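1. with the sequence up front, the predicted model follows.
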Amino acid sequence: MPIGVFILVSVIKSAIILFVLLTAVAYTVWLERKVVGHMQNRWGPTRVGPFGLLQPAADGLKFLFKEDLTPPHVYKPLFLAAPMIAVIFALTSIAVIPFGNSIPIFGYSIPLQITDVNIGLLVILGVTSMGVYGVALAGWSSNNKYSLLGGLRASAQMVSYEIALGLSLVGVLIQSSSFSLRTIVEAQGGRFLGIIPRWNIFHGQFIGFFIYLMAAYAETNRIPFDLPEAETELVAGYHTEYSAMKFAMFFMAEYANMITVACLATILFFGGWNGPLFGPPLVRALLPLVWFVAKIFCFLFLYIWVRGTLPRFRYDQLMSFGWKFLLPLAIANLVVTAVAVAW
């Protein structure tokens, strides 16, 4: 592919994926409000558009036009930079995630991925780990005790659960022998006994998926691990002093991280875009993308379901669960996987 065509294709793919991601972030908020509303025997958004479908657009306009207050006691450079850091790293991680096979367009084979790197998993882990700086700096620069405690909680929580999360993925890497996300998906093709998909969750990594799931809840500060934002203790935690669009950027970062976590879970444990293919050539070309999106939706629904079901942990329970249960379990899963593959 000529370099000019390659750059043009990359720019177009980046624009499309960024638009889709931001739209998905907005409508994940809508989905959460609707699902939790029905769980709690209420309607959720209904007024703006049919079924409240235009509510995300109304919320976006509200955030854009609200008065943007900056308290006089904050450290302004970092106070302004913190939400930008959070949202930039949350959106950047989508660049190396593959969404399906390559498709032919005008004689060129176009991969459904912004950029394919052979260490894609390491890139995602590195980029998402940087997001904690946005939260920690927001808490410190606000010069507010509630915000500072929320930032410290977020930092300790993310560092603690990052270890278990990383170890939970090593079993997948041992089985696929690659850091490339595309290779990991391809290694999960085929079926056991002609019936059971060769997805890693069915291929000895159910414990790894459980650890990944628990660590992912903690990494994204979601119930039952939303201690950095605990309203009953910290008012709103690290973003107490934020308003208008800066406040919205933290929400965008949280929901973008949820979608990234769902994409990774789909790729690493549920076979990525692998699924049954049927129909004419156009349908067969689009079905992998449909399966990928459907798996992401199921994972996001699970996220929301847990939020509407479980209460918040105490902070000592949170840290004990991470260090005394998840970490030893992740090490045991790693050792068993390594022995099984070697044997």
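-> Perfect, thanks for sending it.

2. tell me which residues touch residue 267, please.
-> Counting by CB atoms under 8 Å, 6 or more residues apart in numbering, residue 267 touches 97-98, 181, 184-185. The way it works is simple: take the backbone N, C-alpha and C, and place the C-beta from them, glycine included.

3. before we move on, which element is it in?
-> Taking DSSP states H and E as the definition, residue 267 sits inside helix 244-269.

4. so which of the contacts of residue 267 is the closest to residue 241?
-> residue 97 (33.1 Å; CB to CB).

5. residues in contact with the closest residue to that closest one other than its chain neighbours?
-> Ranked by CB to CB, 6 or more residues apart in numbering and with sequence neighbours excluded, the top spatial neighbour of residue 97 is residue 263, at 4.9 Å. By CB under 8 Å, 6+ apart, the contact set of residue 263 is 94, 97, 296.

6. most neighbours among these, which one?
-> Tallying neighbours with other CB atoms under 10 Å puts residue 97 at the head of those, with 25 neighbours.

7. got a markdown table for the contacts of residue 263, with pLDDT, secondary structure and distance to residue 58 too?
-> Below are the contacts of residue 263 laid out as a markdown table (pLDDT from 0 to 100; DSSP: H, G, I helix; E, B strand; the rest coil; distance: CB to CB, whole Å):
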| residue | pLDDT | secondary structure | distance to residue 58 |
| --- | --- | --- | --- |
| 94 | 87 | helix | 25 |
| 97 | 88 | coil | 30 |
| 296 | 92 | helix | 25 |
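
8. could you dump these to CSV with distance to residue 270?
-> Formatted as CSV, the contacts of residue 263 follow (distance: CB to CB, whole Å):
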residue, distance to residue 270
94, 18
97, 14
296, 10
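
9. what comes up buried for the helix holding residue 267?
-> 244, 246-269 (16 or more other CB atoms under 10 Å).

10. show me how far that helix is from its chain's centre.
-> Its chain's C-alpha centre lies 4 Å from the corresponding centre of helix 244-269 when counted by CA atoms, centre = their mean, to the nearest Å.

11. so where do the helices sit in the stretch 1-150 of the chain?
-> Along the stretch 1-150 of the chain, the segments classed as helices by DSSP state H, counting those that start in this stretch run 3-39, 55-65, 76-92, 120-141, 145-176.

12. possible to save those helices as JSON lines with mean pLDDT?
-> Below are the helices of the stretch 1-150 of the chain laid out as JSON lines (pLDDT from 0 to 100):
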{"stretch": "helix 3-39", "mean pLDDT": "87"}
{"stretch": "helix 55-65", "mean pLDDT": "88"}
{"stretch": "helix 76-92", "mean pLDDT": "88"}
{"stretch": "helix 120-141", "mean pLDDT": "85"}
{"stretch": "helix 145-176", "mean pLDDT": "86"}
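
13. and those as JSON lines, adding distance to residue 48 and mean neighbour count?
-> Below are the helices of the stretch 1-150 of the chain laid out as JSON lines (distance: least, CB to CB, whole Å; neighbours: other CB atoms under 10 Å):
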{"stretch": "helix 3-39", "distance to residue 48": "10", "mean neighbour count": "15"}
{"stretch": "helix 55-65", "distance to residue 48": "5", "mean neighbour count": "15"}
{"stretch": "helix 76-92", "distance to residue 48": "24", "mean neighbour count": "19"}
{"stretch": "helix 120-141", "distance to residue 48": "30", "mean neighbour count": "21"}
{"stretch": "helix 145-176", "distance to residue 48": "31", "mean neighbour count": "21"}
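
14. re the thing from before, what mean pLDDT does the helix holding residue 267 get?
-> What helix 244-269 shows for mean pLDDT is 88.

15. list the contacts of residue 46.
-> For residue 46, the contacting residues are residue 52, by CB under 8 Å, 6+ apart.

16. so that it lines up with my notes, have the first residue be 414 from now on.
-> OK, 414 is where the count begins now, so the last one is residue 459.

17. and it, how far from residue 451?
-> 12 Å (CB to CB, to the nearest Å).

18. same check on residue 554?
-> Taken as CB to CB, the span from residue 554 to residue 451 is 39 Å.
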